[in-house]
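Return a 3D structure for these sequence lines:
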Amino acid sequence: MFKATALLAALFALSLPSFADDSTEAGESLDLDSEGGAWINDTSYVEGTTGKPADLHAEVVKAMEGPEGSTILYLRPTEARKTVGGEETKVSLTAEPRAMVVRDDWKMFDAEHQPTSDPQFASSVIIPYPMESADAAMFEVVWNECEGAIQGNYVGTKCRSKEFLADDYMAFMKKNYLNCVNAGMANAGLAPAVKIHIMHDGTAGDMSHKRTPSLHNAGRAIDLQTLTTTDKDGKKNVFNFRSTSPSHALSSRCTPAATPTCKVFEGFRSCWHKLHVARKCPPRAKGAPIGTLGWEDKKHVAHHLHTSMPFCPSRQGHYITQTK
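Numbering: from 1, shown residues only. Just a heads-up that it's a prediction; the model follows:
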């Protein structure tokens with residue numbers, strides 16, 4: 001018997017479920033089986049049938065853009081419902097919100113509980129269980145640097161399977177980082193990458209960011225130091241930001257300008273900037289690209305390229321449009 005740990009216990013980390021007509025003690029666990037049965041501590045609560053499976057009802061906490069044109073909803077489950085013998089049984093749920101990629105088989109409702117097909121207007125959803133692929137619907141909020149098309153490691157250390165990034169930035173990075181790297185590759189006349197590796201100087205804020213409202217402290221920045229690209233034929237290219245602007249003189253442009261490394265980083269910054277312009281981010285001083293800090297800033301020149309997702313259009317107390 002397949003139980004819905006992947007949907008309820010795993011996806012939502014359930015805590016103290018309470019039932020419509022029965023009381024439960026703290027620590028008791030809830031599962032749904034593939035036929036819609038509800039179980040408490042492996043004891044049948046509602047017998048499953050081969051008819052309609054159980055539905056999971058959840059409220060929408062927030063929506064955000066996901067990778068490859070998808071939409072991600074932060075969902076807080078409220079109850080599971082099952083009809084047995086013409087009688088509906090409801091199981092109330094208490095759980096933390098979880099980010100999930102919207103699927104075609106969901107039913108979504110707006111604030112007035114009218115059906116909607118636009119996840120941006122969804123206030124609540126009904127998710128049928130079992131789902132075809134619960135794992136595919138998951139959205140991982142931490143960055144696994146060791147796997148996937150966007151890999152990385154902190155300078156001098158091995159990759160980490162759980163590198164902290166904010167959920168919004170993680171979605172933004174998955175959707176756009178490789179595309180903007182390939183904008184840089186095209187600018188340098190090089191073949192597009194199918195995989196990249198970012199050797200970085202950090203993601204989350206450290207002591208150097210403690211006194212300022214840095215986007216690192218909000219989990220919305222990666223300090224890119226060395227970029228390694230791999231094309232479809234397995235050919236690798238390495239672009240080291242520390243080799244740019246060797247004189248350490250502040251400049252609005254990368255030097256030596258004609259090198260592939262400069263062309264890649266210039267193309268990346270231009271692409272990243274346009275994304276933030278589209279988000280209606282306010283302009284930076286002297287027209288510097290939005291969302292990156294590089295040769296124009298004394299803390300970054302010839303060291304690393306700060307790549308971030310500012311809070312836009314609101315600054316929310318973070319230094320995002322000026323170099324401070």
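
quick one: contacts of stretch 182-191?
The contact list for stretch 182-191 (Cβ atoms under 8 Å, 6 or more residues apart in numbering) reads 192-193, 229, 231-233, 235, 237, 260, 263-268, 270-271. C-beta coordinates here come from the backbone N, C-alpha and C atoms, glycine included.

taking those residues one by one, which sit in strands?
Among the contacts of stretch 182-191, DSSP state E puts 229, 237 in strands.

buried residues in stretch 282-291?
284, 288-291 (16 or more other Cβ atoms under 10 Å).

Near the spatially closest residue to residue 248 that is not a sequence neighbour, how many other residues are there?
Leaving out its chain neighbours, the residue that sits closest to residue 248 by Cβ to Cβ, 6 or more residues apart in numbering is residue 302, at 5.2 Å. With neighbours defined by other Cβ atoms under 10 Å, the count for residue 302 comes to 17.

for residue 302, what are its contacts?
Residue 302 is in contact with 241-246, 248, 295, counting by Cβ under 8 Å, 6+ apart.

So it, which state does it fall into?
Counting by DSSP: H, G, I helix; E, B strand; the rest coil, the backbone at residue 302 sits in coil.

Which pLDDT value goes with it?
What the model reports as pLDDT for residue 302 is 90.

again with residue 297
pLDDT, read off for residue 297, is 88.

Now list the buried members of the contacts of residue 302.
Buried residues within the contacts of residue 302, counting neighbours by 16+ other Cβ under 10 Å: 241, 244-245, 295.

Just the endpoints, please. Distance across stretch 152-164?
12 Å (Cα to Cα, to the nearest Å).

Report the buried residues of that stretch.
For stretch 152-164, a neighbour-count test (16+ other Cβ under 10 Å) marks 152-154, 159-160, 163 as buried.

Need the worst-confidence member of those residues.
residue 163 (84).

pLDDT value on residue 11, please?
39.

err, residue 32, not the other one
Per-residue pLDDT puts residue 32 at 44.

Sheet partners, orientation included, of whichever strand in the chain runs longest?
Looking across the chain with DSSP E, the single longest strand is strand 71-84. Applying DSSP bridges, strand 71-84 is found paired with strand 55-65 (antiparallel), strand 87-92 (antiparallel), strand 98-101 (antiparallel).

Same list, the buried ones among the contacts of residue 302, but as JSON lines with secondary structure please.
Shown next, in JSON lines, are the buried ones among the contacts of residue 302 (three-state DSSP):
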{"residue": "241", "secondary structure": "helix"}
{"residue": "244", "secondary structure": "coil"}
{"residue": "245", "secondary structure": "coil"}
{"residue": "295", "secondary structure": "coil"}
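
C-terminal to the helix or strand hosting residue 178, what's the next element?
Residue 178 belongs to helix 167-187 when elements are defined using DSSP states H and E. As assigned by DSSP H and E, the chain's next helix or strand after helix 167-187 is strand 195-200.

that older thread, now tabulate the buried residues of stretch 152-164 in a markdown table and tack on distance to residue 218.
Formatted as a markdown table, those follow (distance: Cβ to Cβ, whole Å):
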| residue | distance to residue 218 |
| --- | --- |
| 152 | 19 |
| 153 | 22 |
| 154 | 18 |
| 159 | 23 |
| 160 | 19 |
| 163 | 15 |
